[in-house]
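Undergrad: I would like to see how this sequence folds:
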Amino acid sequence: MISTFYPPYGFGGDAIYVQRLSKELVRAGHEVDVIHCADSYYMFADEPGAFPDNRGVTLHTLQSGVGGLSPLLAHQTGRPILTGSKISRILESKQFDVVHFHNSSLFGPAVLQLKPSYPTVKLYTAHEYWLVCPVNFLWKNRERACEKPDCFTCMLHWGRPPQLWRYSNLLQSSLDEVDEVFTPSRFSRDMHRERGLRREMKVLPYFQPESDTAARQASTSPHPRPYYLFVGRIEDYKGVQTILPAFEGGGDYDLVVVGTGSYDAELAKQAAGMERVHLVGWINQVEIARYYQHALATLVPSIGFETFGIVMLESFAEGTPVIAHNRGPLPEVVEESGGGLIYDTIDELAGHVAQLAQDTTGRQELGRRGQEAWSRLWSAEAHLDAYLGHIARLRAEKAQA
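TA: Numbering: from 1, shown residues only. From the prediction side, this is the model:
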């Protein structure tokens, strides 16, 4: 596994996915090495947080000795100038059957051209929109979802230097070196295609491991009143600020917000004086399960374009329904599961939360459907079967060729 970010040196769903996949592969008897870049993490954070252990996974943490210069050079040139030789040495240290690239944004696209001297299957997963968006999120000018590309100006709004390599053939030629490209949702695949990516992509949804059954049965609610739950990075494009009006004034249920990010201070300012809104900060992946277990529903209000929405699977796995904004792949997941509700306006959201708070039977039925869909479509077992099936197919095709 080769990824810019990996726990505890990571922030979002891409790093969590790589860790989960690595641990499930180890559990299934495979040997897994992970290469990640600590220099890139320290460009955005001071110290790594605490995360579940990585026993069984061999970690290669890259630190150049020159701090942020290494990822900056990769960002600007599109090439892993200070990390490429180290990655190549690791690739030659064993005979890896599979080399799987993940978030490559601060290695540069040319990292995909690295390959060992022996035959192997090379994969790439597009966890975000980095292949078609210099700022990864399709969040234009730091203020709205990107309806039409204007990348040069957008980069300036983000305070980032433009990537001139994006106007060359480097990205396409690098992708040509990969045997298969995955993306987590049909929406993400179609959005990449719409933005001009000339490469076939296979849809391979995320997954959620099963939590400990005994711990689930013994857990107590982390909040004294009935509550709805938001989990995620606190960024403007995640949309948590848009749902605050549904919790104004008095009421029998609260909003509990779990997460941290660059929008923390602004969100706290907007929520000031709202007695039913509780900002609890970051909660580790072990403790977060009980927040899902006791919630009335999980709210997913993203106003940007997600590639999947992994918190929906975390909620379904605990038998908790979701209420999601009708944006990007979120309705796709709700429709496939039957485990939630969709809204377009804040009035619709307010109606849904008021309804579910009173309708215990309906809430439980949505939770049951979501949990059944998770077991069938998005469990670790289902994901591993699909993932290894793709690899077996590619190995057979390469052997035949």
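
Undergrad: Might one say that Y263 is in contact with Q241?
TA: Yes: assessed by C-beta atoms under 8 Å, Y263 is found in contact with Q241 at 7.5 Å. Heads up, the C-betas are built off the backbone N, CA and C, glycines and all.

Undergrad: Now the residue minimising distance to the centre of the chain. Nearest residue, chain neighbours left out?
TA: Nearest residue to the geometric centre of the chain (C-alpha atoms, centre = their mean): G13, 2.4 Å. Spatially, and ignoring its direct neighbours in sequence, G13 is nearest to I310 (4.4 Å; C-beta to C-beta, 6 or more residues apart in numbering).

Undergrad: I'd like the secondary structure assignment at the nearest residue to A145 once chain neighbours are set aside, please.
TA: In this structure, A145 finds its nearest non-sequential neighbour in G304, 5.2 Å apart by C-beta to C-beta, 6+ apart. The local conformation at G304, judged by DSSP: H, G, I helix; E, B strand; the rest coil, is coil.

Undergrad: Next, the contact list for G304, please.
TA: Neighbouring residues of G304 by C-beta atoms under 8 Å, 6 or more residues apart in numbering: 137-139, 145, 237-239, 327-328.

Undergrad: Redo the residues you listed as JSON lines? Include neighbour count and pLDDT.
TA: Output for the contacts of G304, formatted as JSON lines (neighbours: other C-beta atoms under 10 Å; pLDDT from 0 to 100):
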{"residue": "F137", "neighbour count": "20", "pLDDT": "90"}
{"residue": "L138", "neighbour count": "23", "pLDDT": "94"}
{"residue": "W139", "neighbour count": "22", "pLDDT": "94"}
{"residue": "A145", "neighbour count": "15", "pLDDT": "93"}
{"residue": "Y237", "neighbour count": "19", "pLDDT": "95"}
{"residue": "K238", "neighbour count": "24", "pLDDT": "96"}
{"residue": "G239", "neighbour count": "18", "pLDDT": "97"}
{"residue": "R327", "neighbour count": "20", "pLDDT": "96"}
{"residue": "G328", "neighbour count": "23", "pLDDT": "95"}
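
Undergrad: Rebuild those as JSON lines, extending it with secondary structure and distance to S85.
TA: What follows is the contacts of G304, written out as JSON lines (DSSP: H, G, I helix; E, B strand; the rest coil; distance: C-beta to C-beta, whole Å):
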{"residue": "F137", "secondary structure": "coil", "distance to S85": "31"}
{"residue": "L138", "secondary structure": "coil", "distance to S85": "33"}
{"residue": "W139", "secondary structure": "strand", "distance to S85": "34"}
{"residue": "A145", "secondary structure": "strand", "distance to S85": "39"}
{"residue": "Y237", "secondary structure": "helix", "distance to S85": "36"}
{"residue": "K238", "secondary structure": "helix", "distance to S85": "37"}
{"residue": "G239", "secondary structure": "coil", "distance to S85": "42"}
{"residue": "R327", "secondary structure": "coil", "distance to S85": "42"}
{"residue": "G328", "secondary structure": "coil", "distance to S85": "38"}
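
Undergrad: separation between N284 and E24?
TA: When distance is defined by C-beta to C-beta, to the nearest Å, N284 is 19 Å away from E24.

Undergrad: of these two, who's got more company?
TA: E24 (18 against 11; other C-beta atoms under 10 Å).

Undergrad: I'd say the more buried one and L384 touch.
TA: Yes: assessed by C-beta under 8 Å, E24 is found in contact with L384 at 5.7 Å.

Undergrad: In the stretch 51-200 of the chain, where is pLDDT below threshold?
TA: Scanning the stretch 51-200 of the chain for pLDDT under 70 picks out 51-52.

Undergrad: Quick one: list the elements packing against the top helix by length along the chain.
TA: Longest helix in the chain by number of residues (criterion: DSSP state H): helix 380-400. Applying 3 or more C-beta pairs under 8 Å, 6 or more residues apart in numbering; DSSP states H and E, one finds that helix 380-400 contacts helix 13-27, strand 121-125, strand 180-183.

Undergrad: cutoff 10 Å now
TA: helix 13-27, strand 98-101, strand 121-125, strand 180-183, strand 202-203 (3 or more C-beta pairs under 10 Å, 6 or more residues apart in numbering; DSSP states H and E).

Undergrad: for those, which one sits closest to A268?
TA: helix 13-27 (23.7 Å; C-beta to C-beta).

Undergrad: Measure how whichever helix or strand comes after that closest one sits relative to helix 13-27, angle-wise.
TA: Sequence-wise, the next helix or strand downstream of helix 13-27 (DSSP states H and E) is strand 32-37. Using axes from the mean of the first three to the mean of the last three C-alpha atoms, to 10 degrees, the inter-axis angle of strand 32-37 relative to helix 13-27 is 160 degrees.

Undergrad: moving C-terminal of strand 32-37, what's the next helix or strand?
TA: Going down the chain from strand 32-37, the next helix or strand is helix 38-42, by DSSP H and E.

Undergrad: quick one on the thing from earlier: any shared contact partners between Y263 and Q241?
TA: Common contact partners of Y263 and Q241 (C-beta atoms under 10 Å, 6 or more residues apart in numbering): 234, 270.

Undergrad: who's in contact with S64?
TA: 37-39, 70-71, 73, 81-83, 86.

Undergrad: before we move on, what about T242?
TA: Contacts for T242 (C-beta under 10 Å, 6+ apart) come out as 236, 301-303, 325, 346, 349.

Undergrad: Perfect, I'm done here.
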